[in-house]
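Novice: Structure for the following, please:
(chains A, B, C and D)
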2 protein chains.
Amino acid sequence: MLSQKSKYALKALGYLAKNQADGPVLMSTISREKKIPQAFLENIFHELKKAGFLTSHRGRFGGYTLSDDPSKTKVSSIIRVVNGPLAMLPCVSLNFYATCDDCCEATCGLRGIFQEARDALLQVLENRYLSDIIDKDIE
Amino acid sequence: MLSQKSKYALKALGYLAKNQADGPVLMSTISREKKIPQAFLENIFHELKKAGFLTSHRGRFGGYTLSDDPSKTKVSSIIRVVNGPLAMLPCVSLNFYATCDDCCEATCGLRGIFQEARDALLQVLENRYLSDIIDKDIE
DNA sequence: TTAATCTTCACAAAAATAGTAAACATTAAT
DNA sequence: ATTAATGTTTACTATTTTTGTGAAGATTAA
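Specialist: Alright, predicted model coming up:
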């Protein structure tokens, strides 16, 4: 499951994608609208900024804007930053590869299936973008 | 990522699938061969037994056997027991559905994509069986 | 100058994960 | 019956991860 932090991050980025047309959006606004504890959102935005997704604007009338076009920002890349690997085993992760302790990759019976699982998941998440996860308006 | 416990469970069940032909297999054997702390494996086997995957045989010359044909035991169902939901959001889980706090399902922009992700993952894991995750022999 | 922002860093509470310990119950062989 | 080998059960503990909180500081536009 995605962590709460990851959900917050995706919601916040989606909010920005929807509302940044008129300039930087306040963290306090996002916190309030998306019901995210502000101090926690600060931590999250710090990570997202460090990873290049966000651009911050300090001072009065500051706020945050997205660094890139929402239609070019993959959901998979956001999740990797805030939630870590998408693969279910470290030894089949493309971006966070690590050996499994005490497990021989040559004979492991799990790798094959979890490579397939990874590919199936990536087929979706690598082809969906921030512009695809914007909340709908209430009607 | 799968928890360590889940990896242990899959490895242990795979070992049973491979080695139970001659009768019940000792937990101590599985613990040693698969390098799983025995006391921890006891907890895991208790869960797997409660869930119906394992049959235990007490007393001298006891041990464990699989309750069902390995070719009919889905990997997805094992993971659900020891690791929990396969979906990335509670609100799109088929077997562990729960509402996301402070999130409106009607307008949430995340649900659609994570339903697709769930389906993609299940397409693999619901169609792979315990017989598919048996470790290879060293050659 | 000032008020509204973001920045940074350290800390803390809560939950989940991983693992341990020990007394107990059951069984098969003898 | 006895005995040794096994699983059973329950409670506990340690570690790590997650989910936050708090406060002093830096920057900017008006």
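
Novice: Check the burial of the residue in chain A positioned nearest to DNA strand D by counting its neighbours.
Specialist: In chain A, no residue comes nearer to DNA strand D than residue A:59, which is 2.3 Å away by CB to the nearest atom of the strand. From N, CA and C alone the C-beta is placed, and that goes for glycine too. The tally of other residues near residue A:59 (other CB atoms under 10 Å in any protein chain shown) stands at 6.

Novice: quick one, phi/psi of it?
Specialist: phi 80, psi -180 (degrees, to the nearest 10).

Novice: Read off the pLDDT value for the residue most central in space within chain A.
Specialist: Centroid-nearest residue in chain A: residue A:78, 2.5 Å away (criterion: CA atoms, centre = their mean). For residue A:78, the pLDDT comes out at 98.

Novice: list the contacts for it?
Specialist: Taking CB atoms under 8 Å, 6 or more residues apart in numbering or on different chains, we find residue A:78 in contact with A:9, A:10, A:13, A:48, A:53, A:130.

Novice: okay if I get these as TSV plus pLDDT and neighbour count?
Specialist: TSV is the format used below for the contacts of residue A:78 (pLDDT from 0 to 100; neighbours: other CB atoms under 10 Å in any protein chain shown):
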residue	pLDDT	neighbour count
A:9	98	24
A:10	98	24
A:13	98	26
A:48	98	23
A:53	97	22
A:130	98	25
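
Novice: Which helix or strand contains the nearest residue to residue A:125 once chain neighbours are set aside?
Specialist: Nearest non-adjacent residue to residue A:125, counting by CB to CB, 6 or more residues apart in numbering or on different chains: residue A:76, 3.9 Å away. In this assignment (DSSP states H and E), residue A:76 forms part of helix A:75-83.

Novice: For residue A:5, give me its contacts.
Specialist: Residue A:5 sits next to A:40, A:44, A:82, A:83 when contact means CB under 8 Å, 6+ apart.

Novice: quick one on the thing from earlier: quick check, nearest of the contacts of residue A:78 to residue B:106?
Specialist: residue A:10 (17.5 Å; CB to CB).

Novice: So the closest one, which state does it fall into?
Specialist: For residue A:10, the assignment made with DSSP: H, G, I helix; E, B strand; the rest coil gives helix.

Novice: got a list of what residue A:66 touches?
Specialist: Contacts for residue A:66 (CB under 8 Å, 6+ apart) come out as A:13, A:16, A:17, A:20, A:53, A:54, A:55, A:73, A:130.

Novice: give me the beta-bridge partners of it?
Specialist: With DSSP bridges as the criterion, residue A:66 is bridged to residue A:54.

Novice: Going by residue numbers, what spans are helices in chain A?
Specialist: Ranges of helices within chain A are A:4-19, A:27-33, A:38-50, A:75-83, A:111-125, based on DSSP state H.

Novice: check whether the shortest one contacts chain B.
Specialist: Right, the one you point to is helix A:27-33. No. Helix A:27-33 stays clear of chain B (CB under 8 Å from any CB of the partner chain), getting no nearer than 10.9 Å.

Novice: So that helix, near DNA strand C or not?
Specialist: Yes. Judged by CB under 7 Å from any atom of the strand, helix A:27-33 and DNA strand C are in contact via A:27, A:28.

Novice: how about that helix as CSV, C-alpha atoms only?
Specialist: Extracted in CSV, the C-alpha atoms of helix A:27-33 (Å, rounded to 0.1, in the frame of the first residue of the first chain):
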residue,chain,number,x,y,z
MET,A,27,1.4,25.6,1.2
SER,A,28,-1.2,26.7,3.7
THR,A,29,-3.9,26.6,1.0
ILE,A,30,-2.9,23.1,-0.1
SER,A,31,-2.8,22.0,3.5
ARG,A,32,-6.2,23.3,4.2
GLU,A,33,-7.9,22.2,1.0
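
Novice: Report the distance from it to the chain centre.
Specialist: Centroid separation between helix A:27-33 and its chain, computed with CA atoms, centre = their mean, to the nearest Å, is 18 Å.

Novice: got it, and the last one?
Specialist: Going by CA atoms, centre = their mean, the spacing between the C-alpha centre of helix A:111-125 and its chain's C-alpha centre is 18 Å.

Novice: what comes into contact with it?
Specialist: With CB under 8 Å, 6+ apart, helix A:111-125 has contacts from A:74-76, A:79, A:86-89, A:91-94, A:105, B:75, B:113, B:116-117, B:120-121, B:123-125, B:128, B:132-133.
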